[in-house]
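Visitor: using only what follows, build the 3D model:
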Amino acid sequence: MRLPAEYFLPHHEFADLVMKDYEGRLEIYFAVTCAQDNLKGFARYLTMEALVKRLVPDRVEDFDVQKSDSLLNTVFRFKSLFDESVYKDDNARRLMSNYVAAYFYLGLAYKHQGNLDAAIATFEVADRFGHNRVLPVEYWLSYLYTEKGELAKAEKRLLQALSDDPSVPLSYMLGKIYLAQNRSEEARELFEQAIKLNAKEPSGYGGLLQLYDETGYAERVTALLDSLPEDPQLVSKLVYLLKTEDREDLAQLVLKRWVATHPRDTSASKLLKQ
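Guide: The predicted structure is shown next:
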């Protein structure tokens, strides 16, 4: 038996051929647990709706916020999942991570929309399913609490998270909270901890620069700039971090110091002139 020639088309060409006359009257869904190899070519025709991906002829968005919210918060029930008296084996607990992911992406969607209250409520539900090291639920909850000015809540969550698993982003975030509260010594310790955890990441250096600048230690700013590792990637990421923190002045200082010692770095020179 000879197979149709279409079966030998590249993935994207085969998907385009299948979708050519597909109007969506018969809805087709894939579970989020479906292996990515089975979806090759169809990625641009899929819209995520909570725990499934729906095949659509004309995709407008890759994540349907309204449908996902309705499914997760109205249609689905989680009576047994949060009941500690109900036994759950390792496989069941692994499957629960799919719910965490669904709420996580919904929380991010609300965050991008500027709806911080909805984002916080969504991440808080995700957090109820248990700790997930792959998805930074703790980070975003702490970030959003900070954005809302709820520093005590953010500090509590960060302290708990850091006691379980010290990390550069969490150390930096807690340091920023202490800096906002004029708790300079505690902030300094956390920024230095971030550097010890990973000296190739910019957070600790960026935090110390802001701390020294805001507390009037100009000589420490200079000393820290002079002691930065000779790493162009680190310097580039540090400049970006400071810009996102609206510290263009410190970003310029970092660039000036780098260009002064690396005059042949034309990219840095151009960036400095912008």
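Visitor: going forward, measure contacts and count neighbours with C-alpha atoms only.
Guide: OK.
Visitor: list the helices and strands the longest helix along the chain packs on?
Guide: The residue-count maximum for a helix in the chain (DSSP state H) belongs to helix 90-113. When contacts are defined as 3 or more C-alpha pairs under 8 Å, 6 or more residues apart in numbering; DSSP states H and E, helix 90-113 packs onto helix 65-70, helix 116-128.
Visitor: can you redo those as TSV, where the extra columns are distance to residue 43 and mean pLDDT?
Guide: Below are the helices and strands packed on helix 90-113 laid out as TSV (distance: least, C-alpha to C-alpha, whole Å; pLDDT from 0 to 100):
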stretch	distance to residue 43	mean pLDDT
helix 65-70	18	96
helix 116-128	25	95
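Visitor: and of these, who's closest to residue 101?
Guide: helix 116-128 (7.8 Å; C-alpha to C-alpha).
Visitor: picking that back up, tell me which of the helices and strands packed on helix 90-113 is the most buried.
Guide: Between the helices and strands packed on helix 90-113, helix 116-128 has the highest mean count of neighbours, a mean of 19, where neighbours are mean count of other C-alpha atoms under 10 Å.
Visitor: if I look at the most centrally placed residue in the chain, what pLDDT would I see?
Guide: In the chain, the residue lying closest to the centroid (C-alpha atoms, centre = their mean) is residue 136, at 6.6 Å. Note on residue 136: pLDDT of 86.
Visitor: that older thread, in CSV, list the helices and strands packed on helix 90-113 along with distance to residue 273.
Guide: As requested, those are exported to CSV (distance: least, C-alpha to C-alpha, whole Å):
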stretch, distance to residue 273
helix 65-70, 42
helix 116-128, 36
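Visitor: and the residue nearest to the centre of the chain, how far is that from residue 127?
Guide: 10 Å (C-alpha to C-alpha, to the nearest Å).
Visitor: now swap in residue 242 and tell me
Guide: Distance, residue 242 to residue 127, using C-alpha to C-alpha: 30 Å.
Visitor: Provide the contact partners of stretch 167-184 at residue level.
Guide: Applying C-alpha atoms under 8 Å, 6 or more residues apart in numbering, the external contacts of stretch 167-184 come out as 139, 143, 146, 151, 154-155, 158-159, 161-162, 186-191, 193-195, 197-198, 201, 203-204, 207, 211.
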